[in-house]
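Undergrad: Okay, sequence plus prediction incoming.
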Amino acid sequence: MRSAISISPDWVMTPLQIVFPRIGAVSLLLSILPALAALQASAALVPVSPTGGETVALLPDAQKKVMDLPTLAERIALFREDRETGDNVLRRGKFWRKPNPVVLTWRATEGETGPWKVEIARDSGFEDADVRYLGAEAEGLSVDGDTVSFTVPRANLEIGRAYRWRVTGLGKPEEGRKKGAPVRSEAAAFATEDRAPRWIEIEGRSGNIRDIGGWRTADGRRVRQGMAFRGKGLNDNSVTGERQGPNCLTVEDVKYFTQTLGIRTDLDLRTKAETADLDESPLGPGVNLIMRSSPAYRGIFEKGRKTSIMAENIRVFCDKANYPIYFHCIGGADRTGSLAYVLLGVLGVPRHDIETEWESTFYPNLTDDLEESNPNRIRSELHFAKGLSAYGEENDTWQRRCELYLLDCGVTEEEIARLREILLEP
């Protein structure tokens with residue numbers, strides 16, 4: 001979990017340091033408070049929502065509605081109807097490639113005030129807590145009377161997990177003091193909906209980022225979360241082909257990728273013309289950069305060098321030492337999507353889910369051209385259908401067809417078994 005600042009969990013504020021995150025220069029307000037050995041017991045911060053273990057949906061309703069439709073034709077028809085009728089419900093807002101916000105609400109029942117310390121954790125002792133320190137102007141913070149709400153920026157929680165949260169603030173003012181002693185709420189519980197994909201939101205210009213984990217396989221297992229992430233490039237493409245493009249990440253993004261997600265490998269699928277003189281990952285020298293110009297769509301089925309590139313890319317995921325892995329091209333759509341499709345397929349994720357995972361990059365602008373014979377069709381999941389249908393027998397599963405395809409590319413049965421061992425929960 002992300003920790004904004006390293007500080008004692010007792011949050012002894014002597015002097016008090018209030019951080020206003022992500023608004024430019026760090027603002028410091030210093031005030032002298034007596035040393036405090038314990039939290040004030042008489043005050044009461046009360047969690048309001050979520051509490052009691054209720055389920056919090058991370059995937060927007062509009063995306064769930066689309067992904068629940070069984071066929072590509074029905075999904076295309078839904079978007080077409082939305083556009084042609086002028087409803088534009090599926091085009092309203094920017095909710096396609098980021099998670100629903102997580103909103104925490106509490107009441108300050110005895111006049112407690114901020115600044116606030118908010119902790120979200122999976123561990124009951126809050127040892128793994130994502131800690132946020134909130135000054136009066138903190139992003140996502142709102143106050144209405146004695147009710148405080150915090151829309152957690154870039155929470156990026158895992159799906160299908162149980163979480164706990166609590167808040168610490170200053171108690172009501174005491175005689176002779178402008179501020180009360182620190183007081184902490186009881187822990188409240190909630191769970192995240194067990195619904196993939198798990199979107200990842202960052203500050204910078206990269207995007208379309210999601211965990212390929214969280215999906216269920218046909219036999220009920222789950223692809224491990226926190227192991228492999230797909231998305232856009234971490235820096236822009238080169239303009240001249242001589243010098244690499246600018247980094248797309250903020251300092252906080254780099255910390256998030258390297259410290260919170262723990263990324264060890266940056267698998268860059270772009271061409272040399274796009275990456276130019278890039279010889280170090282935008283995430284820093286501690287991340288192993290693998291650069292491999294890779295094909296997409298029909299190209300991944302062309303025998304020879306292109307199928308051998310697929311085998312080389314798959315082998316990156318067969319080595320535990322490479323994890324966690326971030327793989328990308330420039331838009332995280334075509335080359336990235338083709339590799340993700342095959343990975344999820346050989347792991348045993350059902351065909352419908354693999355296809356909607358691929359499509360989710362393009363919502364709400366999903367193509368309405370279903371003609372496979374169209375010579376101008378480059379970006380289409382029909383390429384996967386045609387290419388993989390050439391493998392196996394009529395009644396073979398999609399997983400078996402993906403397996404036979406990879407064997408034909410040169411991946412061994414032992415490597416496929418190792419891939420499944422690494423990426424599938426027991």
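TA: Yep, that arrived.
Undergrad: Going by C-alpha atoms from here, please, whenever you check contacts or count neighbours.
TA: OK.
Undergrad: and Arg107, bridged to which residues?
TA: Val46, Thr147 (DSSP bridges).
Undergrad: was I right about it contacting Gly114?
TA: No: assessed by C-alpha atoms under 8 Å, Arg107 is found out of contact with Gly114, at 11.8 Å.
Undergrad: Have a look at these two and say which one is more surrounded.
TA: The neighbour count for Arg107 versus Gly114, taken as other C-alpha atoms under 10 Å, is higher for Arg107 (21 against 18).
Undergrad: Contact partners for the more buried one?
TA: Arg107 is in contact with Leu45, Val46, Pro47, Val48, Asp146, Thr147, Val148, counting by C-alpha atoms under 8 Å, 6 or more residues apart in numbering.
Undergrad: Tell me how far it lies from Gly145.
TA: 9 Å (C-alpha to C-alpha, to the nearest Å).
Undergrad: Can you say which of the contacts of Arg107 are buried?
TA: With burial judged by 16 or more other C-alpha atoms under 10 Å, the buried subset of those is Leu45, Val46, Pro47, Thr147, Val148.
Undergrad: Low-confidence ranges, this structure, go.
TA: 1-43, 175-178, 368-376 (pLDDT under 70).
Undergrad: Geometric centre of the protein: which residue is closest?
TA: Ile200 (2.2 Å; C-alpha atoms, centre = their mean).
Undergrad: which residues does it form a beta bridge with?
TA: Ile209.
Undergrad: How many neighbouring residues does Asp219 have?
TA: By other C-alpha under 10 Å, the residues close to Asp219 number 9.
Undergrad: Please report the distance of it from Gly114.
TA: In terms of C-alpha to C-alpha, Asp219 sits 49 Å off from Gly114.
Undergrad: thought Ile378 was touching Pro295?
TA: No: contact criterion C-alpha under 8 Å: Ile378 and Pro295 do not qualify, at 11.9 Å.
Undergrad: Name the residues contacting each of the two.
TA: Common neighbours of Ile378 and Pro295, using C-alpha under 8 Å, 6+ apart, do not exist here.
Undergrad: The two - which one has more neighbours?
TA: Shown here are Ile378 and Pro295; by other C-alpha under 10 Å, Pro295 has more neighbours (23 against 14).
Undergrad: ok, now which ones touch that one?
TA: Counting by C-alpha under 8 Å, 6+ apart, Pro295 touches Lys306, Ile309, Arg335.
Undergrad: what's the offset of stretch 218-237 from the middle of its chain?
TA: Put simply, stretch 218-237 sits 8 Å off its chain's centre (C-alpha atoms, centre = their mean, to the nearest Å).
Undergrad: ugh, wrong one, I meant stretch 107-117
TA: 31 Å.
Undergrad: ditto for stretch 336-350
TA: 17 Å.
Undergrad: Likewise for stretch 240-259?
TA: Once both centres are worked out by C-alpha atoms, centre = their mean, stretch 240-259 turns out to sit 17 Å from its chain's centre.
Undergrad: Kind regards, and thank you for your time.
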